[in-house]
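Novice: could you look at this predicted model? Sequence included:
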Amino acid sequence: MSQSDLRIAFAASDRPEAQTARDRLTALYGSSDAETADVIVALGGDGFMLETLHANLQRRTPVFGMNRGSVGFLMNDYVEEGLLERLATAGRAVIHPLQMDAWNEAGEVQSGLAINEVSLLRQTRQSAKLRITVDDRVRLEELACDGCMVATAAGSTAYNLSAHGPIIPLDARALALTPISAFRPRRWRGALLPHTAKVVFDVLESDKRPVSATADSFEVRRVARVEVRERRDIALTMLFDAGRSFEERVLAEQFAS
């Protein structure tokens with residue numbers, strides 16, 4: 001397909017600068033419907049990139065982000081000129097989301113997909129108590145904490161990094177299991193797991209220590225049990241400027257001061 005035939009759909013967050021950017025780019029390049037586009041250009045921050053990827057779960061059209069938000073780790077620089085050339089030479093990063101199945105105390109299950117992480121968090125002043133099972137083997141009988149998360153490689157530089165979890169290269173095929181303010185065992189810093197692992201959290205004393213579970217922005221309150229696994233059958237594609245691949249950004253982040 002020639003550059004002139006490329007069908008682009010522009011999507012923008014609610015921020016005024018993103019809305020203005022969409023209008024300017026549409027005037028320059030035209031805009032196709034998201035249903036028929038060859039590529040989606042997302043204008044906003046990292047949060048809006050996640051929203052765009054979630055909205056694109058069925059079509060799985062490649063998404064090229066340009067930063068018109070506050071955080072732009074997943075975004076390219078905003079430059080209006082030469083967009084067609086940038087898209088033609090962009091590198092691809094393929095990511096696989098996590099499946100979260102969360103049961104409440106009544107035994108009802110709700111499911112969601114997470115591109116960044118599945119996190120469990122205490123709902124009250126009381127610390128959460130969690131039992132953690134990996135691939136049908138109990139690995140931690142009781143973790144007293146503010147919460148715990150399973151992060152993808154793509155999400156390892158987000159909440160996971162803020163909780164002192166490891167940064168994971170995309171091609172490592174690993175997941176990060178990271179505690180949030182662990183109280184007991186105090187020295188437990190989490191684990192790196194193979195991407196095929198199934199992680200199960202059982203909430204202990206859930207009546208007086210309620211816990212919520214969140215897959216990116218989808219939340220389930222007062223959960224009793226949460227299962228997390230990677231969905232290799234779902235592949236989402238992010239596009240990055242040539243020479244500024246996602247892998248390079250992850251590597252550079254590990255040397256950031």
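Specialist: Received it, and whenever you're ready, just let me know what you need.
Novice: so where's the stretch 151-257 of the chain uncertain?
Specialist: 257 (pLDDT under 70).
Novice: for it, just list every one of the helices.
Specialist: 159-162, 246-253 (DSSP state H, counting those that start in this stretch).
Novice: mean neighbour count and distance to L143 for those - can I get that in a markdown table?
Specialist: Any C-beta I mention is one placed from the backbone N, CA and C, and that applies to glycine too. Putting the helices of the stretch 151-257 of the chain into a markdown table (neighbours: other CB atoms under 10 Å; distance: least, CB to CB, whole Å) gives the following:
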| stretch | mean neighbour count | distance to L143 |
| --- | --- | --- |
| helix 159-162 | 19 | 16 |
| helix 246-253 | 15 | 27 |
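Novice: would you mind saying which of these lies nearest P179?
Specialist: helix 159-162 (10.8 Å; CB to CB).
Novice: which residues touch the closest one?
Specialist: Here helix 159-162 makes contact (CB atoms under 8 Å, 6 or more residues apart in numbering) with N116, E117, S119, M149, A151, P166, I167, A176, T178, E253.
Novice: buried stuff in stretch 176-191?
Specialist: By 16 or more other CB atoms under 10 Å, the buried positions in stretch 176-191 come out as A176, L177, T178, P179, I180, A182, G190, A191.
Novice: circling back to that earlier point, could you dump the contacts of helix 159-162 to a markdown table with distance to A102?
Specialist: Listed next are these as a markdown table, based on distance: CB to CB, whole Å:
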| residue | distance to A102 |
| --- | --- |
| N116 | 16 |
| E117 | 14 |
| S119 | 11 |
| M149 | 14 |
| A151 | 17 |
| P166 | 25 |
| I167 | 27 |
| A176 | 19 |
| T178 | 18 |
| E253 | 30 |
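Novice: restricted to strands, list those residues.
Specialist: Counted as lying in strands by DSSP state E, out of the contacts of helix 159-162, are E117, S119, M149, A151, A176, T178.
Novice: who's in contact with the fifth one?
Specialist: When contacts are counted by CB under 8 Å, 6+ apart, A176 is found next to M149, V150, A151, S156, N160, G165, P166, I168, G190, A191, L192, L193.
Novice: which pair of the ones in strands among the contacts of helix 159-162 spans the longest distance?
Specialist: So, these by CB to CB: farthest apart are S119 and A176, at 11.4 Å.
Novice: the closest residue to E219 other than its chain neighbours: how many residues sit nearby?
Specialist: Among residues not flanking E219 along the chain, S212 sits closest, at 5.7 Å (CB to CB, 6 or more residues apart in numbering). For S212, the neighbour count with other CB atoms under 10 Å is 19.
Novice: which residues does S212 bridge with?
Specialist: Note on S212: beta-bridge partners by DSSP bridges are L121.
Novice: next one: it relative to D233, how far apart?
Specialist: 27 Å (CB to CB, to the nearest Å).
Novice: grab the longest helix from the chain for me.
Specialist: helix 16-29 (DSSP state H).
Novice: buried ones in that helix?
Specialist: A18, A21, R22, L25, Y29.
Novice: any of the contacts of helix 159-162 buried? List them.
Specialist: N116, E117, S119, M149, A151, P166, I167, A176, T178.
Novice: picking up where we left off before, ok, the contacts of A176 vs V63, which is closest?
Specialist: Closest to V63, out of all of the contacts of A176 and judged by CB to CB, is S156, at 19.1 Å.
Novice: count the neighbours of that closest one for me.
Specialist: Neighbour number of S156 under other CB under 10 Å is 26.
Novice: now swap in K129 and tell me
Specialist: K129 is flanked by 20 other residues according to other CB under 10 Å.
Novice: against M100, how distant is the residue lying closest to A9 once chain neighbours are set aside?
Specialist: Spatial nearest neighbour of A9, excluding adjacent residues (CB to CB, 6+ apart): A37 at 3.6 Å. A37 sits 29 Å away from M100, going by CB to CB.
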